[in-house]
Structures are given as structure tokens and as C-alpha cells.
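K.L.:
Quick one, structure for this:
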Amino acid sequence: MSEQPMNDSRAVLRCSNLGKSYEEGPQQVRVLGGLELELFPGDRVAIVGTSGSGKSTLLNLLGGLDTPSEGSVWLAGEELSALGEKERGLLRNRALGFVYQFHHLLPEFSALENVCMPLLIGRTPIPEARRQATELLERVGLGHRLHHKPAELSGGERQRVAIARALANRPALVLLDEPTGNLDHHTAQGIQELMQELSRSMGTAFLVVTHDPQLAAQMDRIWRLEDGRLVAA
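P.N.:
Residues are numbered from 1 along each chain as shown. Presented below is the predicted three-dimensional model:
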């Protein structure tokens, strides 16, 4: 297994010379190349860029859902490409949370049951999983909606459940893909404030891919994805 350089040992996420190419007929199309990025505990970073610039591809690489054509990604000190599929899955469950534009909550389960899922997958006993999930839902302002199913919740409430679910295993990093894309301004502002509070109180790092300039402006750093590379915005 490749080792992270010693001076990066605190990084919750690091990518080095990261690149991704796809074959289109006889040609190889390079989507990303030479990316360098580090996130540390409590960091809040936004990545912006036009549609088709490779933002979703980058998130999939950083989350270990896709394999880079070149370079490496380290998550919580582990190089993703050096791990088998099962090991990657266990690491993602332990150290990484995902929040998508469309919340992807399980419609047949309550808010509490949705947040319990990552804990149960990680073999947390049911009573403890319910206790931790309840605490997280209270933390995001939904202690009164524990037993409501997604269809009974507003868009902002569903997104808060998704954030609570992403935080269930106290991950080092949460990746968010357009988390406020379908929310009104007031609700989006509440999500921004929630991320800010959680980064301070829990030390969670947040990496947000967004088209929303107001959300990006709330982050500590903004990177723009241009021509397959990250440049400071």
C-alpha cells in the first residue's frame, strides 16, 4: 500500500496528480488531469464549474466509486486504489458520508430508520443505532419528525435527514453534490448554517460541489474546475 507523505498525515482527504480519461471510439478523452487537493478536519471547501466540467466524475473518484486513470486518492490515510472492493466499502462506511441533490432516502422507512441504516451496516447494535440516530436528528432540528417518512417531510427536512444519515458514523469527510439545488433560499441558508456549525463542533470536513454562488461563498475555500484542473477561485 502506498503511504501518504508524513507532512500530510492529518489530511482526511488527499489526491495527488489525479486524472481520469474515457475511451470514445478510437480516442481517449481526458476529463481530469493533474489534480492536487487536501482537506483537513473541519475544512469546508466548495468546487464550482460549468456543467460537463467533470465535477461529478471528481466526486466519484474522491469517494472511491470510480477508479482514476492516473494518480492517487487517500481517504483517512488509506489509498483507495490499493484496497479491494470490500475494504473500500468498509472504509467509505466508516470515514465518508455522501449527500446528493436528490436525497435518496428510502421511502418506505422513517427518518429515524433511514439514519440508522449506516450504523446497522457497520454492525452497531439496534438500540445504540436508534439512540445515535435520534441524537443526530435532534442535532439537525428534526427531533419532532423521527417517525415521519420522506413523503411526509418538506424538501429541506428531507435534506436534513440526508445530512444526518451522512454523519451517522461520525465520518471524517462528507461529500455533497448540489445539496441546496432544489431548495428555496431560506431553506438553503439553513443547510449552509448547519454545515458551518457541524464543521466547528464535530470537526467534520465538508466538500461541496455546487452551482450556487451563495453556498460556495460560505465555504472556507473555493476551487473552480476548468479544463480538467482545479484552480483557486
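K.L.:
C-alpha from now on. contacts and neighbour counts both.
P.N.:
Fine.
K.L.:
Report the helix or strand with the lowest average pLDDT across this structure.
P.N.:
In the chain, no helix or strand scores lower on mean pLDDT, DSSP states H and E than helix 185-202, which sits at a mean of 77.
K.L.:
Name the residues that touch it?
P.N.:
41-44, 140, 156, 160, 180, 204-206, 215, 218 (CA atoms under 8 Å, 6 or more residues apart in numbering).
K.L.:
Okay, the residue of the chain most remote from its centre and residue 97: tell me how far apart.
P.N.:
Each residue of the chain has a distance to the centre, and by CA atoms, centre = their mean the biggest one is for residue 26: 34.2 Å. Going from residue 26 to residue 97 by CA to CA, to the nearest Å gives 37 Å.
K.L.:
same check, this time on residue 206
P.N.:
Distance from residue 206 to residue 97, by CA to CA: 9 Å.
K.L.:
what residues are shared contacts of the two?
P.N.:
In contact with both residue 206 and residue 97: 173, 174, 175, using CA under 8 Å, 6+ apart.
K.L.:
Over to the residue nearest the centre of the chain. Which of the three states is it?
P.N.:
Closest to where the C-alpha atoms of the chain average out (CA atoms, centre = their mean) is residue 175, at 1.3 Å. For residue 175, the assignment made with DSSP: H, G, I helix; E, B strand; the rest coil gives strand.
K.L.:
Could I get the full set of strands for the chain?
P.N.:
13-24, 27-39, 44-48, 70-75, 78-79, 96-99, 173-177, 205-209, 221-226, 229-232 (DSSP state E).
K.L.:
quick one, which of those is nearest to residue 147?
P.N.:
In terms of CA to CA, the element of the strands of the chain nearest to residue 147 is strand 96-99, at 20.7 Å.
K.L.:
What residues sit buried inside that closest one?
P.N.:
Going by neighbour count (16 or more other CA atoms under 10 Å), the buried part of strand 96-99 is 96, 97, 98, 99.
K.L.:
Residue 129: which of the residues you listed is nearest?
P.N.:
residue 97 (16.3 Å).
K.L.:
before we move on, the earlier item: output the least confident helix or strand of the chain as CSV, restricted to C-alpha atoms.
P.N.:
What follows is helix 185-202, C-alpha atoms only, in CSV (Å, rounded to 0.1, in the frame of the first residue of the first chain):
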residue,chain,number,x,y,z
HIS,A,185,-33.3,30.4,-0.4
HIS,A,186,-34.4,30.3,3.3
THR,A,187,-34.1,26.5,3.5
ALA,A,188,-30.7,26.6,1.6
GLN,A,189,-29.4,29.1,4.1
GLY,A,190,-30.4,26.8,6.9
ILE,A,191,-28.4,24.0,5.3
GLN,A,192,-25.4,26.3,5.0
GLU,A,193,-25.6,27.2,8.7
LEU,A,194,-25.9,23.6,9.7
MET,A,195,-22.8,22.6,7.8
GLN,A,196,-20.9,25.5,9.4
GLU,A,197,-22.0,24.5,12.9
LEU,A,198,-21.1,20.8,12.3
SER,A,199,-17.7,21.6,10.9
ARG,A,200,-16.9,23.5,14.1
SER,A,201,-18.5,21.2,16.7
MET,A,202,-17.7,17.8,15.2
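K.L.:
Distance of the residue farthest from the centre of the chain relative to residue 10?
P.N.:
42 Å.
K.L.:
same check, this time on residue 216
P.N.:
24 Å.
K.L.:
Between these two, which is the more surrounded one?
P.N.:
Per other CA atoms under 10 Å, whichever of residue 216 and residue 10 has more neighbours is residue 216, with 21 against 15.
K.L.:
Now that we're looking at the more buried one, what pLDDT does it have?
P.N.:
For residue 216, the pLDDT comes out at 88.
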